[in-house]
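# here is a sequence with its predicted model. Questions after.
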Amino acid sequence: MTDFVSALEKIQGGRALPCTVNIFPLCSLLLGLALAAVPGVRGACPQPADLKSANGTRTCAKLYDKSDPYYERCCGGAEMSVQSGTDLPYLPSGWRNVISSLVVGLRCELVVWSSRGKSGKRHKFSSGTYPRLEEYRRGIFGDWSNSISSLYCRCPPPGPRP
């Protein structure tokens, strides 16, 4: 920091402004607040209410093959949309044991298994955003990141409105 102050003094003709060093924590704080206020900067994962296909029909869940220690970088990479009623005892080629982030639509439920043919450990994900499946335990020693081999997704049909 002293090298920075002496460089500023050279630029300013030998005199440093009295608040030069103290302004940097304030700038960092203001930048952080500005980024937090901008929509979409908090994370790459969509909200459960935003899960819709191109034709406007409701999507049960979206699965992603990338996660990251930083939440704003999660829900990246390849993406697979799953419609309500999808039953996959055998995931498509390239999707077995690679899912590391997922989002489940409103009033929907995603049931996953750790082995093919709906066997092994089982877990239910209710409506919500799950950017890091590393945070969800699978047994004593494992987690659900890169561990999903089969799934079933369902959403109740929309009921009559009163």
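Great, that's in hand.

# and the nearest residue to residue 86 once chain neighbours are set aside, how far is that from residue 125?
Leaving aside its sequence neighbours, residue 86 sits nearest to residue 153 (CB to CB, 6 or more residues apart in numbering; 4.9 Å). C-beta: built from backbone N, CA, C; applies to glycine. Relative to residue 125, residue 153 is positioned 9 Å away (CB to CB, to the nearest Å).

# do the same with residue 131
Separation of residue 131 from residue 125 (CB to CB) stands at 12 Å.

# how about the residue nearest the centre of the chain, nearest residue that isn't a chain neighbour?
Computing the C-alpha centroid of the chain and ranking residues by CA atoms, centre = their mean puts residue 131 first, at 2.8 Å. With CB to CB, 6+ apart as the measure, residue 74 is the residue that lies nearest to residue 131, at 3.5 Å, once sequence neighbours are left out.

# residues near residue 78, how many?
Residue 78 sits with 12 neighbouring residues when counted by other CB atoms under 10 Å.

# what helices or strands is the host helix or strand of it leaning on?
Taking DSSP states H and E as the criterion, the element that holds residue 78 is strand 76-82. Helices and strands in packing contact with strand 76-82 are listed as strand 61-66; criterion 3 or more CB pairs under 8 Å, 6 or more residues apart in numbering; DSSP states H and E.
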